[in-house]
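Undergrad: Sequence and predicted structure are below.
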Amino acid sequence: MAKSMIVTGAGHGIGAEIARQAAAAGYRVGVLDIDAEAAGQTAQSLPDAVPLAASTIDSDAIEVALDAFGTPDALVNNAGIVRFTPLVDHSEADWRAVVEVNLNGPFVCGRAVARRLIAEGRSGAVVNISSINGIAPGPNSGAYSPTKAAVIQLTRQMAIEWGPAGIRVNSVAPGIIDDGMSAPVLADPEVRAIRSARTPSQRLGTAEDIAKAVMWLCSADAEYVNGHNLVVDGGVVSTVLAGMPRPASIDGVADES
Ligand SMILES: NC(=O)c1ccc[n+]([C@@H]2O[C@H](COP(=O)([O-])OP(=O)(O)OC[C@H]3O[C@@H](n4cnc5c(N)ncnc54)[C@H](O)[C@@H]3O)[C@@H](O)[C@H]2O)c1
């Protein structure tokens, strides 16, 4: 029987590409999104996909979606939101909204799927989408960075609690991705050029880059990978010291000045 996967937030952006690669790999895909129209559009474009209109933070709606789709072999907690604003101006409503979707959502969906897998005596894989913001906070990212750090820790906690039941849980931390929620940021040509040039791999990331990492973590090739946060960022997060100068004489390079 074909394996099955539910991808949350699969109506747009990175999630839609994960759903596409999953379908291409032979998974029956549950395209879950709060945006029912977008879920329908993604599902319609794929061979064996089912639209699931639900919010990840509504546990009743998630149970209804799981009843309709069945317990998936893999769950990708991809749905996320961001509210760019300085902390001093951050409203509590926005803060709570980001915490709800980015942190509570993966808990609600992960718990629901794990409960069913355990009850059915089945193994499975969960991938949570974190961010390099969860490692190196971006200024004015508000609740986004703390929630993405928490997702990395939630991943480890799920891994140690569910590993004995045969459920592997890992996270993927995308870097600067030329898709989805980054589209408005990268619409500025100057910002786009700087971000690309400052990436060691000398290009922006794509939804395909992220989906490939997710597919690998869900595959049997990653059977011994559990509790890991896989950074997929072309090297961006490793550049923290790149802007800190040292005298050329100490670095052992010729001083051109
Ligand atoms: N695009 C990037 O540069 C980037 C970088 C790092 C991490 N990420 C992460 O990747 C994931 C996908 O982001 P994206 O860029 O594709 O964003 P996106 O805005 O294009 O897509 C997010 C999807 O989630 C859905 N969604 C939002 N709230 C939901 C809810 N409560 N229940 C169900 N669906 C909901 C939206 O309708 C949308 O379809 C997010 O977790 C994001 O934090 C993105």
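TA: Perfect, I can see it now.
Undergrad: May I have the top helix by length along the chain exported as CSV, CA atoms only?
TA: When the chain is parsed with DSSP state H, its longest helix is helix 144-162. Extracted in CSV, the C-alpha atoms of helix 144-162 (Å, rounded to 0.1, in the frame of the first residue of the first chain):
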residue,chain,number,x,y,z
TYR,A,144,8.9,34.4,15.1
SER,A,145,12.5,33.7,16.2
PRO,A,146,11.6,32.4,19.7
THR,A,147,8.9,30.1,18.4
LYS,A,148,11.3,28.7,15.8
ALA,A,149,13.9,28.0,18.5
ALA,A,150,11.1,26.3,20.5
VAL,A,151,10.2,24.2,17.5
ILE,A,152,13.8,22.8,17.5
GLN,A,153,13.4,21.9,21.1
LEU,A,154,9.9,20.5,20.7
THR,A,155,11.4,18.3,18.0
ARG,A,156,13.9,16.9,20.4
GLN,A,157,11.3,16.3,23.0
MET,A,158,9.0,14.5,20.6
ALA,A,159,12.0,12.4,19.4
ILE,A,160,12.9,11.2,22.9
GLU,A,161,9.3,10.5,23.9
TRP,A,162,8.1,8.9,20.7
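Undergrad: For the helix or strand that it is followed by, name the packing helices and strands.
TA: Next helix or strand after helix 144-162 toward the C-terminus (DSSP states H and E): strand 167-174. Counting contacts by 3 or more C-beta pairs under 8 Å, 6 or more residues apart in numbering; DSSP states H and E, strand 167-174 packs against helix 105-120, strand 124-129, helix 144-162, helix 207-218, strand 229-232. Quick note: C-beta positions are derived from backbone N, CA and C, even for glycine.
Undergrad: No further questions, thank you.
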